[in-house]
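Colleague: any chance you can model this:
(one chain, ligands or ions: 1)
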Amino acid sequence: ALATNNLEAFWMPFTANRQFKKNPRLFVGAKDMHYTTADGRQVLDGTAGLWCCNAGHGRPKITEAVQRQIAELDYAPAFQMGHPHAFELAARLTALMPSPIDHVFFTNSGSESVETALKMAIAYHRVRGEGARTRLIGRERGYHGVNFGGISVGGIVANRKMFGPLLAGVDHIRHTHDLSRNAWSRGQPENGAEYAEDLIRLVQLHDPSTIAAVIVEPVAGSTGVLIPPKGYLERLRAICDQHGILLIFDEVITGFGRLGSPFAVDHFGVTPDLVTTAKGITNGVIPMGAVFCTSQIHEAFMTGPEHLIEFFHGYTYSGHPVACAAGLGTLDTYEEEGLLTRGAELAGYWEDALHSLRDARHVIDVRNIGLIGAIELEPIAGEPTKRAFSAFLKAYDAGILIRTTGDIIAMSPPLIIEKHQIDQLVTTLRDVLQGLD
Ligand code: PMP
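Modeller: Residues are numbered from 1 along each chain as shown. Here you go, the predicted structure:
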């Protein structure tokens, strides 16, 4: 009954397509911490899908909210019209943020949130008469989705090189230290501020009054869980403040409890001007994203007559009723089960478990924060990514879902994970690594 003979028609994104077609890995069901495969096996979800199913799978409050909403109001135009759930969700979301951040703009994905935030930053300066501020600064190894703005500010050259010319006037903060050897993990130097000094180089290179915004992931997720040392984000904030530059945190992964607090904003105690989110906002159930902004930014656009907001941007599905219902069901689940802070309770156990792999075969670094972590492997000479990809395949066969980027294994389990399941992840991974070439 499985459509495995139709695989040719589906263009799988990115890597491993060929191997996939020879040996398809198909999920046909999911409940709580587990996926069910087409061949009837249970696979422990060590990645919350793609860092999005923070409350686990098949959660009744979310499913029921979605079903109810589809039956009641399937769609309402995003322009000129509204519906109550969008306002309710916006209010509940902003209540999770520190007070200067008090508005949200709904999108449908992380990539769209990034484009929206970049446009908002440039337009904010323009409506205030600072139209020269159009430059954007990202960071090496930053990932901000796949649309043109996102790949321009993103720091992954491979994602950019096919698609130029990209946005003009974009620079990237360099990593001025070795990231490949435990550089940003436990036991690292406390002097994080100096790592941020490369932003000064960029500010001096250009007239700072031409720079609109700096965008960073507080913890870079997709490129291998790179955790900033103490003082790093504070220093970025201070440099931006000094020069009137907006600071954007891309919290598409770090948001909704991943670091043990609702957002990285809380964890690091640094308040940016804009925050991009997606993924965990609906527990991955319905596509949705949101850009949070301060009242100052929101007010800047409210200069026209009452019905005219000077920010010409929005999507057909902005604030989609079904996505909003999923978002409300998700927040109910997170709040009733204390999931937005559960990562903090489990962080110590998670840390010890991951670091027990420091002496496992091929491991050269272990990084962790909240309920996210990375195990970096020594690459096979001349064959980068091969070892980690083999680990992924063997782990899948052994019943755990992990994710790899380069030669780094990343894990970000649903926040409902139990300790014995953390043990299972680590024990399985140790065996898998032991058996690798
Ligand atoms: N920003 C960050 C930090 C992300 O991790 C991602 C997705 N991994 C995105 C943006 C893009 O999100 P989406 O895939 O929903 O467009």
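
Colleague: which one is the residue of the stretch 251-400 of the chain found nearest the ligand nearest to, not counting chain neighbours?
Modeller: Using CB to the nearest ligand atom, the closest approach of the stretch 251-400 of the chain to the ligand is made by Val252 at 3.5 Å. (Each C-beta comes from the backbone N, C-alpha and C, glycine too.) Once flanking residues are discounted, Val252 sits nearest to Gly110: 3.7 Å by CB to CB, 6 or more residues apart in numbering.

Colleague: returning to that earlier point: which strand or helix spans the residue of the stretch 251-400 of the chain closest to the ligand?
Modeller: Applying DSSP states H and E as the criterion places Val252 outside every helix and strand.

Colleague: check contacts around it.
Modeller: Trp51, Gly110, Ser113, Val114, Gly145, Glu217, Gly221, Thr276, Thr277, Ala278, Lys279, Gly289 (CB atoms under 8 Å, 6 or more residues apart in numbering).

Colleague: by pLDDT, rank these and give me the bottom one.
Modeller: pLDDT across those is lowest for Gly221, at 94.

Colleague: so that one sits right up against Ile253, yeah?
Modeller: Yes - between Gly221 and Ile253 a contact is recorded at 3.6 Å, counting by CB atoms under 8 Å.

Colleague: of these two, who's got more company?
Modeller: Ile253 (29 against 24; other CB atoms under 10 Å).

Colleague: still on that earlier bit, what do Gly221 and Ile253 both touch?
Modeller: Trp51, Ile372, Ser412.

Colleague: in JSON lines, list these along with secondary structure.
Modeller: Compiled in JSON lines, the shared contacts of Gly221 and Ile253 are given as follows (DSSP: H, G, I helix; E, B strand; the rest coil):
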{"residue": "Trp51", "secondary structure": "helix"}
{"residue": "Ile372", "secondary structure": "strand"}
{"residue": "Ser412", "secondary structure": "coil"}
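
Colleague: you'd agree Val104 is in a helix?
Modeller: No - Val104 is assigned strand when assessed by three-state DSSP, not a helix.

Colleague: if I look at it, how far off is Tyr195?
Modeller: 31 Å (CB to CB, to the nearest Å).

Colleague: try Val366
Modeller: If you go by CB to CB, the gap between Val366 and Tyr195 works out to 20 Å.

Colleague: circling back: restrict the contacts of Val252 to contacts with the ligand.
Modeller: Among the contacts of Val252, the residues lying close to the ligand (CB under 6 Å from any ligand atom) are Gly110, Val114, Gly145, Glu217, Gly221, Ala278.

Colleague: farthest-apart pair in the residues you listed, please.
Modeller: With CB to CB as the measure, no two of the ones next to the ligand among the contacts of Val252 lie farther apart than Val114 and Gly221, at 13.5 Å.

Colleague: what number of residues lie near Arg92?
Modeller: 15.

Colleague: let me fix that, I meant to ask about Thr63.
Modeller: Other residues close to Thr63 by other CB under 10 Å number 15.

Colleague: looking at this, it is in a strand?
Modeller: No - under the criterion used here (three-state DSSP), Thr63 is helix, not part of a strand.

Colleague: any idea how far it is from the ligand?
Modeller: 21 Å (CB to the nearest ligand atom, to the nearest Å).

Colleague: repeat for Pro218
Modeller: Distance, Pro218 to the ligand, by CB to the nearest ligand atom: 9 Å.

Colleague: so where does that residue fall, helix or strand?
Modeller: Using DSSP H and E, no helix or strand contains Pro218.

Colleague: thought it was touching Leu236?
Modeller: No - if you go by CB under 8 Å, Pro218 and Leu236 don't touch, sitting 9.7 Å apart.

Colleague: what's around the nearest residue to Val225 once chain neighbours are set aside, how many residues?
Modeller: With CB to CB, 6+ apart as the criterion, Val225 has its nearest non-adjacent residue at 3.6 Å, and that residue is Ala374. Per other CB under 10 Å, the neighbour tally for Ala374 reads 25.

Colleague: name the SS class of Ala374, please.
Modeller: strand.

Colleague: quick one on the thing from earlier: what touches both of Pro218 and Leu236?
Modeller: With CB under 8 Å, 6+ apart, Pro218 and Leu236 have common neighbours Val270.

Colleague: centroid residue for the chain?
Modeller: Residue closest to the mean C-alpha point of the chain, counted by CA atoms, centre = their mean, is Ile253 at 2.2 Å.

Colleague: which ones are touching it?
Modeller: Applying CB under 8 Å, 6+ apart, the residues contacting Ile253 are Trp51, Glu217, Val219, Gly221, Ser222, Lys279, Ile372, Ser412.

Colleague: of the residues you listed, buried ones?
Modeller: Trp51, Glu217, Val219, Gly221, Ser222, Lys279, Ile372, Ser412 (16 or more other CB atoms under 10 Å).

Colleague: got the CA coordinates for the host helix or strand of Gln69 in CSV?
Modeller: Here Gln69 is covered by helix 60-72, with elements defined by DSSP H and E. C-alpha atoms of helix 60-72 as CSV (Å, rounded to 0.1, in the frame of the first residue of the first chain):
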residue,chain,number,x,y,z
PRO,A,60,-4.5,16.4,21.3
LYS,A,61,-5.0,20.1,22.1
ILE,A,62,-3.3,21.2,18.9
THR,A,63,-5.0,18.6,16.7
GLU,A,64,-8.4,19.4,18.1
ALA,A,65,-7.9,23.1,17.8
VAL,A,66,-7.0,22.7,14.1
GLN,A,67,-9.9,20.4,13.4
ARG,A,68,-12.4,22.8,15.1
GLN,A,69,-11.0,25.8,13.3
ILE,A,70,-11.2,24.3,9.8
ALA,A,71,-14.8,23.4,10.4
GLU,A,72,-15.7,26.9,11.9
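
Colleague: name the helices or strands packed onto the helix or strand that comes right after it?
Modeller: Downstream of helix 60-72, the next assigned helix or strand under DSSP H and E is helix 84-94. Where contact means 3 or more CB pairs under 8 Å, 6 or more residues apart in numbering; DSSP states H and E, helix 84-94 is packed against strand 101-107, strand 289-294, helix 321-336.

Colleague: mean neighbour count added to those, as a markdown table?
Modeller: Listed next are the helices and strands packed on helix 84-94 as a markdown table, based on neighbours: other CB atoms under 10 Å:
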| stretch | mean neighbour count |
| --- | --- |
| strand 101-107 | 23 |
| strand 289-294 | 27 |
| helix 321-336 | 23 |
